[in-house]
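Asks: Any chance you could fold what I've pasted below:
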Amino acid sequence: MTSVFPGHFHTKEQAIAEIMRDGYWPVSWIDKPGSELGPHLHRGDETLYVVDGSLDFCETETGETHHLEAGDKLVLPARLPHSASTTEGATYIMGIKTLVSFDEHILPAT
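Replies: Next up is the predicted model:
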């Protein structure tokens, strides 16, 4: 189950400092308006900090959806199937524990 912290941070520097303090690697990501990422999961726990725009995050097994906006933080447990989409576009920073290639980070939700 994910945890959402609305209005958790104010600047990308605050997000990056928290990610690194917690032992994660910061990885920036930009989704263009209208982007959709289908159901998938990740090997390890991760955090997500929305810097700009908004993102709809869905836990695919339960259908629970979280609308995230700039300043919001999401904590995602390992191997939780989810999908994401954005109407307006979103810029966010993910905190990941282990640096791996993109193909090894996003796994099919099977």
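
Asks: helices and strands around the longest helix along the chain, which ones?
Replies: Counting by DSSP state H, the longest helix found in the chain is helix 12-21. In terms of contacts (3 or more CB pairs under 8 Å, 6 or more residues apart in numbering; DSSP states H and E), helix 12-21 is packed against strand 25-31, strand 46-59, strand 90-96. In this view, the C-beta of every residue, glycine as well, is placed from N, C-alpha and C.

Asks: out of these, nearest to Ala84?
Replies: Ala84 lies closest, by CB to CB, to one member of the helices and strands packed on helix 12-21: strand 46-59, at 5.1 Å.

Asks: which strands and helices sit next to the closest one?
Replies: helix 12-21, strand 65-69, strand 73-76, strand 82-85, strand 90-96.

Asks: Quick check, pLDDT for the residue nearest the centre of the chain.
Replies: Geometric centre of the chain, nearest residue: Leu48, 3.6 Å, by CA atoms, centre = their mean. What the model reports for Leu48 is a pLDDT of 97.

Asks: I'd say it and Leu74 touch.
Replies: Yes. Taking contacts as CB atoms under 8 Å, Leu48 lies within contact range of Leu74: 4.4 Å.

Asks: if we can go back for a sec, out of the helices and strands packed on helix 12-21, indicate the one that is most buried.
Replies: Neighbour counts (mean count of other CB atoms under 10 Å) averaged over each of the helices and strands packed on helix 12-21 peak at strand 90-96, with a mean of 22.

Asks: So what touches it?
Replies: 12, 15-16, 18-19, 22, 24-31, 35, 42, 44, 46-55, 68, 105 (CB atoms under 8 Å, 6 or more residues apart in numbering).

Asks: just stretch 11-20 next, same as before
Replies: For stretch 11-20, contacts defined as CB under 8 Å, 6+ apart pick out Phe9, Trp25, Pro26, Thr47, Tyr49, Val51, Lys73, Ile93, Gly95.
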